[in-house]
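Asks: Turn this into a model:
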Amino acid sequence: QDQAVTAVYSEQDYASLYAHLQHDLNRWNLFAGLRLNHWQTRQKLLDGANQQVAADLIGISGITPEKTVSAPTWSLGAQYKLSPKQHVSLNLSHTYRNPDLMERYAFGSSIGGGLALEAEQGHHAELMWKYLDQTWGVQASAFYSDFDQYIWTKTIRQLTNRQGLEQCIALKLCDPATGNYNN
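Replies: Predicted coordinates:
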């Protein structure tokens, strides 16, 4: 009988610095933003846990090494004043999102991507038209996103066939770290 207790406590800290610059040039309004992001993810053993066994396990049953990630995100934009009430703008941005604890380690009825799970990254563009007066506000936009990496684990948080997914991973047909769940 295995009497080893390997209960862990998972935590993630996030801090960021953000700077935004805006410059008005007659009919043009130019703006740029930069955010420096920093994440620290770690697991700690709870009192009474078996450190030796936990060190050999991965994920929520054991303890994984601390992971520290720092990454910038940015945005650029320009707005043109067609009239005092109408504006057209173009916005470009790059996003970076570190996996949350659920996506990385998973709990209950889901399986996470572990330390190999890469951060979500994307490039975005938006073309927008605005009309604003004292009684009306109308806005229309076209938005495009291109993700280099997209985290899919949110779609499997409520598994209906956990054993099937575990077998799929064991057979190397599914890989939570890359979002490949083989339908």
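
Asks: can you give me the helices for the protein?
Replies: For the chain, helices defined by DSSP state H occupy the ranges 51-56, 101-104, 162-170.

Asks: Make CSV from these and add distance to residue 32, mean pLDDT and mean neighbour count to it.
Replies: The way it works is simple: take the backbone N, C-alpha and C, and place the C-beta from them, glycine included. Converted to CSV, these look like this (distance: least, Cβ to Cβ, whole Å; pLDDT from 0 to 100; neighbours: other Cβ atoms under 10 Å):
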stretch, distance to residue 32, mean pLDDT, mean neighbour count
helix 51-56, 46, 74, 14
helix 101-104, 30, 77, 19
helix 162-170, 43, 81, 13
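
Asks: Any idea which residue is closest to the centre of this protein?
Replies: In the chain, the centroid-proximal residue (Cα atoms, centre = their mean) is residue 97; its distance is 3.1 Å.

Asks: any idea how far that one lies from residue 23?
Replies: 29 Å (Cβ to Cβ, to the nearest Å).

Asks: Next: residue 84.
Replies: Counting by Cβ to Cβ, the gap from residue 84 to residue 23 is 19 Å.

Asks: Take the helices of the chain and lay them out in a markdown table including distance to residue 152.
Replies: Formatted as a markdown table, the entries for the helices of the chain read as follows, by distance: least, Cβ to Cβ, whole Å:
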| stretch | distance to residue 152 |
| --- | --- |
| helix 51-56 | 28 |
| helix 101-104 | 9 |
| helix 162-170 | 13 |
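
Asks: for those, which one sits closest to residue 75?
Replies: If you check each of the helices of the chain against residue 75 by Cβ to Cβ, helix 101-104 wins as the nearest, at 24.1 Å.

Asks: Are there helices or strands packed against that closest one, and which ones?
Replies: The helices and strands touching helix 101-104, judged by 3 or more Cβ pairs under 8 Å, 6 or more residues apart in numbering; DSSP states H and E, are strand 8-25.

Asks: Residue 90 pairs with what?
Replies: Assessed by DSSP bridges, residue 90 has beta-bridge partners residue 78, residue 127.

Asks: burial of it, as a residue count?
Replies: When neighbours are defined as other Cβ atoms under 10 Å, residue 90 has 13 of them.
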